[in-house]
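J.: turn this into a structure:
(chains A and B)
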Amino acid sequence: MNTQREKLEKALIVNSQQGLHARIATLLVQAMQKFSCEVTVVKDGVEVNARSVLGLLLLAATTGTEILVRAQGPDSTKAIEEFSRLIEHEDTKRI
Amino acid sequence: MKTPSGFEDSKTTEAPILKNNQINLLIRGIGVSGGVSIGQAVVIERITTDISPRRIIKPEEVSPEIERFTDAVREAADRLKNIKQGINDDHPLSEHRYILDTQIMLLQDRMFFEGTKTAIATEFQNAEWAISDVITEITAAFDTIEDEYLRERARDIYFVGERVLKILMGVHSESKIHQLPPNSIVVSHDLSPADTVQIEKGTVIGFAVDMGGKTSHTAIMARSLKIPAITGLDRISRLVQTGDTVIVDGSTGVVIINPDPDTIFRFRERQEVYRNYHQSLLAFGRLPAVTSDGVRSVRITANIELLDEVEIAISHGSEGIGLFRTEYLFMGRKEPPDEEEQYEAYRQVLSRNNPNPVTIRTLDVGGDKIAYNLNLAHEANPALGLRAIRLCLSRRDFFKTQLRAILRAAVHGYCRLLLPMISCISEIHLAKEVLEESKDELAAEGKEFVREIQVGILVEVPSAVAIADMLAKEVDFFSIGTNDLIQYALAIDRVNEHVNYLYDTLHPAVLRLIRQVTNVGQAGGVNVSMCGEMAGDPVNIPILLGLGLDELSMNALSIPMVKKLIRSVRMDECQDLTHQVFQMQGAQEIRTLIEKWIRERFPRDYFVGHT
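T.: I've put the predicted structure just below:
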């Protein structure tokens, strides 16, 4: 188990057909609200709060882009797992 | 013409509502969802919050002002939740319901919520002012995104801010979009996602909207509901009044305000075609376009702008892309796309269509349409100015980047290069010079590319028709761009409502110009295709067959109907009709003859053109 001080990171590829679009961003924010750790997403050196739909959309992560999810806090392992699951398996239609 | 000064003038002086006493007023926009609807307009007014009160508050007012803001946000969220509850699982748009969740979440998003509170607390702005500033800042950040869909999401946050502003300003109107009478055609300057998701299928039968493009919410919802929609109409909301009869033809992007009975009749027929034959027509899409006697076969291709449109084109039976407009890649951004980005876009379209041909048109805009710092002088008449190939030849670096990207992408499919707005032979020579330089550079760098690429020109300037025989010796193919050719040849700006009644594809001069090009093509062994709306309108098809065009490129939605028509006629009867038409003097006379000819052969299908 990681301590609160430890920062966890995982690199992910956005593979949904139309990138990190509004529906996935909404799902991600909803999911991350269940955790208490700090979660951020990094793309090309830009880091945004994973609980901000605007932040996630402004990353402009199109299909095939690599992003890095970072978490720090008590449930950070689970938060990263959940985040990756949504990025890797949720291929919803964009709207 | 594309942006004539006359149009600009009328735009600025028309601010008071143009009285709707004009019959058959035709406005063109972007057809984003196909089909024809005829109904009564309901104008959804957007109460403008652009002029929100602005004042500096006193330090002691800060916390009550923040509370005022948070209360308004809470109320906005409650209303959105209410709207969401009103859309149950069997609502046709239930799958889009989550857009309301997104809106609620945007209300609470730290960039908006905390950003506004900070502005109130540190800048001493009142809540309305703070919101406007924060929204402007956020939408500006979205403007820099290259992806069109993601960039368009700036509108979502704009509507969220507007919702809160309305509450603060005491404007308590929800649009009545969910309680409209049957046969309503929704006309608006812009529609928010919360508006569109409440549309009831059965009451709303069409959309006509000033703003937006193919990825706006209105477009996405309309496709989901399978009702026709046109966006990008610019000023329709000012021209139409609630209760006006309006025709919306989503396949051609045409709106007709106050149609006369004859026009309504013709569109009813067109509507029938959609209703009854849409499915069977789609089956025609899969068949080749060969005349019933087997004499003539025409390649049917699609015009596209966005990568997304490739799928629609293929599902409707396109045999390649006859016109890939690349402007979309360049517009609405601060820096032009680099070679890699362009390469990637072209590669995707080429590989998806392989082995069918993709004709990529090099940049076809004027400096007025792209915002880069090209240091171009202001032009009084941009339509006749430094645009398209002229602009590219004056900025070779710019042009070369695009040519290099195309040459490299050509490895992934069957690529043809199309040069727009050629008006004299030296432009072809110069363009080829840049093309050869690009090839040499790529070869020197050891990059993979196609050397033997086919080069064609868009025949759209009357001077190119006049010297077509000379140009034919320089190129591999001609593509007739009818939209501009007609405007330049007839000296008519078709978006100018004072003169657009003169715009007619069947004007004898237009037909003669086309014949001149096809004759040259046949004599010189140069393939002649046609892109532009003329190629997709069934009424023109018998003549285009008679003139011997090799390829017709059109809006994807028109393909099945055009293929059905071609498969149902004989080449000799088309040639006879063409011969007759060339004896006639007036466009109306010609149109009447062709429509009668078509009706006699297809009493059930009514391949009648629009207006």
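J.: can you tell me what sits against the strand or helix carrying B:K596?
T.: B:K596 is part of helix B:587-601 when elements are defined by DSSP states H and E. Contact partners of helix B:587-601, identified using C-beta atoms under 8 Å, 6 or more residues apart in numbering or on different chains, comprise B:504, B:506-508, B:511, B:538-540, B:542-543, B:565, B:568-569, B:577, B:580-581, B:584, B:606-609. Heads up, the C-betas are built off the backbone N, CA and C, glycines and all.
J.: assign B:I389 to helix, strand or coil.
T.: Reducing the assignment at B:I389 to three states with DSSP: H, G, I helix; E, B strand; the rest coil gives helix.
J.: wait, doesn't it sit right on B:L419?
T.: Yes - under the criterion of C-beta atoms under 8 Å, B:I389 makes contact with B:L419 at 5.4 Å.
J.: skip the chain neighbours and tell me the closest residue to B:E448.
T.: Excluding its sequence neighbours, the residue lying closest to B:E448 (C-beta to C-beta, 6 or more residues apart in numbering or on different chains) is B:V411, at 5.4 Å.
J.: let's verify that neighbour: helix, strand, or coil?
T.: Assigned with three-state DSSP, B:V411 falls in the helix class.
J.: any idea how far it lies from chain A?
T.: Distance of B:V411 to chain A, computed by C-beta to the nearest C-beta, to the nearest Å: 19 Å.
J.: count the residues that sit near that residue.
T.: The number of residues packed near B:V411 is 15, by other C-beta atoms under 10 Å in any protein chain shown.
J.: please name the residues that touch it.
T.: Counting by C-beta under 8 Å, 6+ apart, B:V411 touches B:448-450.
J.: any idea how far B:E319 is from it?
T.: Computed as C-beta to C-beta, to the nearest Å, the B:V411 to B:E319 distance reads 21 Å.
J.: can you check B:Q125 too?
T.: According to C-beta to C-beta, B:Q125 and B:E319 sit 59 Å apart.
J.: where along chain A do the strands fall?
T.: Under the criterion DSSP state E, chain A contains strands at A:7-13, A:38-43, A:46-49, A:66-72.
J.: turn those into TSV, including mean pLDDT and distance to chain B.
T.: What follows is the strands of chain A, written out as TSV (pLDDT from 0 to 100; distance: least, C-beta to the nearest C-beta, whole Å):
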stretch	mean pLDDT	distance to chain B
strand A:7-13	90	16
strand A:38-43	94	12
strand A:46-49	92	6
strand A:66-72	94	14
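J.: so which of the ones you listed is nearest B:F207?
T.: Proximity to B:F207 (C-beta to C-beta) singles out strand A:46-49 among the strands of chain A, at 33.8 Å.
J.: who are the neighbours in contact with the nearest residue to B:G536 once chain neighbours are set aside?
T.: Among residues not flanking B:G536 along the chain, B:M554 sits closest, at 2.9 Å (C-beta to C-beta, 6+ apart). Neighbour list for B:M554: B:300-303, B:322, B:531, B:533, B:535-536, B:562 [criterion: C-beta under 8 Å, 6+ apart].
J.: which of these lies closest to chain A?
T.: Proximity of the contacts of B:M554 to chain A was ranked by C-beta to the nearest C-beta; the top entry is B:A302 with 20.6 Å.
J.: which SS class is that closest one?
T.: When classified by three-state DSSP, B:A302 comes out as strand.
J.: correct me if wrong: it contacts B:E311.
T.: No - B:A302 is not in contact with B:E311 according to C-beta under 8 Å; the separation is 10.6 Å.
J.: neighbour count winner among the two?
T.: A direct count of neighbours by other C-beta under 10 Å for B:A302 and B:E311 places B:A302 higher, at 28 against 11.
J.: give me the pLDDT for the more buried one.
T.: Turning to B:A302, the model gives it a pLDDT of 95.
J.: and the gap between it and B:D190?
T.: According to C-beta to C-beta, B:A302 and B:D190 sit 28 Å apart.
J.: likewise B:L435?
T.: Following C-beta to C-beta, the distance that separates B:L435 from B:D190 is 42 Å.
J.: please save the CA atoms from stretch B:481-498 in PDB.
T.: In PDB, the C-alpha atoms belonging to stretch B:481-498 read as follows (Å, rounded to 0.1, in the frame of the first residue of the first chain):
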ATOM      1  CA  GLY B 481     -16.500  23.700 -60.100                       C
ATOM      2  CA  THR B 482     -20.000  24.800 -61.000                       C
ATOM      3  CA  ASN B 483     -20.700  26.900 -57.900                       C
ATOM      4  CA  ASP B 484     -18.100  29.400 -58.700                       C
ATOM      5  CA  LEU B 485     -18.100  29.000 -62.500                       C
ATOM      6  CA  ILE B 486     -21.800  30.000 -62.500                       C
ATOM      7  CA  GLN B 487     -21.300  32.900 -60.200                       C
ATOM      8  CA  TYR B 488     -18.300  34.200 -62.200                       C
ATOM      9  CA  ALA B 489     -19.900  33.600 -65.600                       C
ATOM     10  CA  LEU B 490     -23.300  35.100 -64.800                       C
ATOM     11  CA  ALA B 491     -21.900  37.800 -62.500                       C
ATOM     12  CA  ILE B 492     -24.300  36.700 -59.700                       C
ATOM     13  CA  ASP B 493     -23.600  36.500 -56.100                       C
ATOM     14  CA  ARG B 494     -25.900  33.700 -55.100                       C
ATOM     15  CA  VAL B 495     -26.100  34.600 -51.500                       C
ATOM     16  CA  ASN B 496     -27.300  38.100 -52.400                       C
ATOM     17  CA  GLU B 497     -31.100  37.800 -52.200                       C
ATOM     18  CA  HIS B 498     -31.600  40.700 -54.600                       C
END
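J.: contacting residues around it?
T.: Here stretch B:481-498 makes contact (C-beta under 8 Å, 6+ apart) with B:1-2, B:4, B:6-7, B:10, B:22, B:25-28, B:383, B:420-421, B:458-462, B:465, B:499-500, B:502-505, B:507, B:509-510, B:513-514, B:530-535.
J.: in stretch B:387-396, what's buried?
T.: Within stretch B:387-396, the residues that count as buried by 16 or more other C-beta atoms under 10 Å in any protein chain shown are B:387-393, B:395-396.
J.: okay, these in JSON lines with distance to B:V36 next?
T.: JSON lines is the format used below for these (distance: C-beta to C-beta, whole Å):
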{"residue": "B:R387", "distance to B:V36": "34"}
{"residue": "B:A388", "distance to B:V36": "33"}
{"residue": "B:I389", "distance to B:V36": "37"}
{"residue": "B:R390", "distance to B:V36": "39"}
{"residue": "B:L391", "distance to B:V36": "37"}
{"residue": "B:C392", "distance to B:V36": "38"}
{"residue": "B:L393", "distance to B:V36": "42"}
{"residue": "B:R395", "distance to B:V36": "43"}
{"residue": "B:R396", "distance to B:V36": "46"}
